[in-house]
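Colleague: Okay, sequence plus prediction incoming.
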Amino acid sequence: MQALYQRYPDIRIEGENYLPMPLYRHFASFLSMFKLLVIGLIIIGRDPFALLGMQAPGFWEWGQTNKIYACMMVFFFSNMIENQLMSTGAFEITLNDVPVWSKLESGHLPSMQQLVQILDNEMKMNVHMNTKPHHS
């Protein structure tokens with residue numbers, strides 16, 4: 001960023017999150033709530049499988065004898081999946097509301113040299129478009 005500010009002192013750089021597809025966002029939100037429910041059931045020792053008339057599987061029995069480990073595993077595993085669902089990998093660059101680079105389309109980040117070249121070209125195009133011949 002400092003290199004860009006030195007080269008283009010008037011440039012404004014903003015960062016924001018690029019939202020994933022709504023389906024992924026909703027699933028991540030559901031998973032977050034489900035995680036809390038499972039952790040709560042582990043802590044209070046309620047067997048959800050008994051409510052469904054099922055035999056408790058081995059992992060549930062293990063979780064009841066190792067509550068701290070089970071809660072930590074549920075928490076971290078769920079967070080890993082939630083983060084994966086919410087991550088887009090986007091790095092999108094716009095100049096005057098015009099897209100000039102998209103990691104989603106190109107599949108990679110621009111090098112500093114590419115970024116400077118893109119910005120130089122866009123700035124030159126903007127200067128040429130904004131200068132109109134004057135008639136007297």
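Modeller: All right, it came through fine.
Colleague: where exactly do the strands run in this structure?
Modeller: 92-95, 98-102 (DSSP state E).
Colleague: Output the longest one as PDB, nothing but the C-alphas.
Modeller: Just to be clear, that refers to strand 98-102. Taking Å, rounded to 0.1, in the frame of the first residue of the first chain, the C-alpha atoms of strand 98-102 are listed here in PDB:
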ATOM      1  CA  VAL A  98     -14.500   0.200 -12.900                       C
ATOM      2  CA  PRO A  99     -13.200  -3.300 -12.300                       C
ATOM      3  CA  VAL A 100      -9.500  -3.500 -13.300                       C
ATOM      4  CA  TRP A 101      -8.500  -6.800 -11.600                       C
ATOM      5  CA  SER A 102     -10.300  -9.900 -10.400                       C
END
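Colleague: which other helices and strands contact it?
Modeller: strand 92-95, helix 112-130 (3 or more Cβ pairs under 8 Å, 6 or more residues apart in numbering; DSSP states H and E). Any C-beta I mention is one placed from the backbone N, CA and C, and that applies to glycine too.
Colleague: Return the list of strands paired to the first one, each annotated with direction.
Modeller: Here the strand partners of strand 92-95, with direction, are listed using DSSP bridges: strand 98-102 (antiparallel).
Colleague: how far does the strand it pairs with sit from the chain's center?
Modeller: The chain centroid and the centroid of strand 98-102 are separated by 19 Å under Cα atoms, centre = their mean, to the nearest Å.
Colleague: Need the pLDDT of the residue nearest to W62 when sequence neighbours are not counted.
Modeller: In this structure, W62 finds its nearest non-sequential neighbour in A70, 7.1 Å apart by Cβ to Cβ, 6 or more residues apart in numbering. The model reports A70 with a pLDDT of 97.
Colleague: isn't A70 right up against I42?
Modeller: Yes - counting by Cβ atoms under 8 Å, A70 touches I42, with 5.2 Å between them.
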